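Enquirer: Sequence plus the predicted model coming up.
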Amino acid sequence: MSDNEQQQPAPRRGKVLEALARAERKVFTRPTPKSAKACMKFLRTRERGSTKAVAERLGTSRRTVERYLAGKLKKPQKRLQAALVEETESEWQPQVRAQAREQAATSSGMMVDVTAHFGFTCKGSSDDGRERTITTAISPTYAKQILELQEAGATEEELHPIVAAAIAESYFTEWGTRAAGLRADFTDVQSIEFRF
C-alpha cells in the first residue's frame, strides 16, 4: 500500500467550530511553523519523539513522517497539508490560548459577527425569521458554555442552540430588558467570526 493510499481525509468541521479555531489563532503571539518539516518537528516534540504517534495523528505512514523530517519530501498533498496545519495549530501556544479562553469565560466574554437566518419563538411576536447580519457581544457565561462544549468535542448541531441563546440574550433581548421569553434559532449560517 502506498503512502498516498494510507492518508486519511482531513476532518471537516462546521462553521462555528472553524470560527472558534480562527479566533484562537488570532491570539497567538508567534507565527506557527510554515514548512512541512517544521510542522513535523514540532508535532514530534509534542509526541515526545514518537514518529509513530505523529503518523497516527496525521493519518499517514510513519515512513512518510520520517521522509519529511529528513527533508526528502517537502510539499505535502492537500489532505496531509490540511492535517499538518490543523494539528500544529491545535497544539501551538497552549498557554496563550488558555489565557484567552479563561479571560473570555470569566470576565470579557467574546464578540460574534454572524450572517445567518434567525427564526424566533415568542408569545405575540410579529417578527418573522429572516437572514440577518449581527455583530454583538456574548456574555462570559455563554462564552464559558460555548468554549466548554468545544473542548468536550461538541458537534456543530450541539453548539448552535447555545450560540443562538447567547445572541438572543445580547442582541434581541438586550440582556433581559425587552422581549422577555424570546428564543432565537439560527440556521443557514453564511459566515461567523468570534473575537476574544
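Expert: On my side now, so go ahead. Numbers count the residues shown, from 1 in each chain.
Enquirer: Can you name the next helix or strand after the longest helix seen in the chain?
Expert: For the chain, the longest helix by residue count, based on DSSP state H, is helix 78-91. Using DSSP states H and E, the helix or strand that follows helix 78-91 towards the C-terminus is helix 94-103.
Enquirer: If you count contacts, what does the helix or strand residue 192 falls within end up packed against?
Expert: Using DSSP H and E, residue 192 sits within strand 183-195. Judged by 3 or more C-beta pairs under 8 Å, 6 or more residues apart in numbering; DSSP states H and E, strand 183-195 is in contact with helix 15-26, strand 110-121, strand 130-138, helix 156-167. Where C-beta positions appear, they are placed from N, C-alpha and C, glycine not excepted.
Enquirer: what's the angle from that strand to helix 15-26?
Expert: 30 degrees (axes from the mean of the first three to the mean of the last three C-alpha atoms, to 10 degrees).
Enquirer: circling back to that earlier point, name the helices or strands packed onto the longest helix of the chain?
Expert: With contacts taken as 3+ C-beta pairs under 8 Å, 6+ apart, helix 78-91 sits against helix 15-26, helix 36-46, helix 51-58.
Enquirer: which ones are touching residue 196?
Expert: Remark: with contacts taken as C-beta atoms under 8 Å, 6 or more residues apart in numbering, residue 196 is in contact with 23-24, 26-27, 100-101, 103-104, 108, 110.
Enquirer: Skip the chain neighbours and tell me the closest residue to residue 188.
Expert: residue 117 (4.3 Å; C-beta to C-beta, 6 or more residues apart in numbering).
Enquirer: err, residue 171, not the other one
Expert: Residue nearest to residue 171 in three dimensions, not counting chain neighbours: residue 136, with 4.2 Å by C-beta to C-beta, 6+ apart.
Enquirer: Show me what the helix or strand that contains residue 147 is packed up against.
Expert: Element membership for residue 147 (DSSP H and E) is helix 140-151. Judged by 3+ C-beta pairs under 8 Å, 6+ apart, the packing partners of helix 140-151 are helix 15-26, helix 156-167.
Enquirer: Perfect, that will be all.
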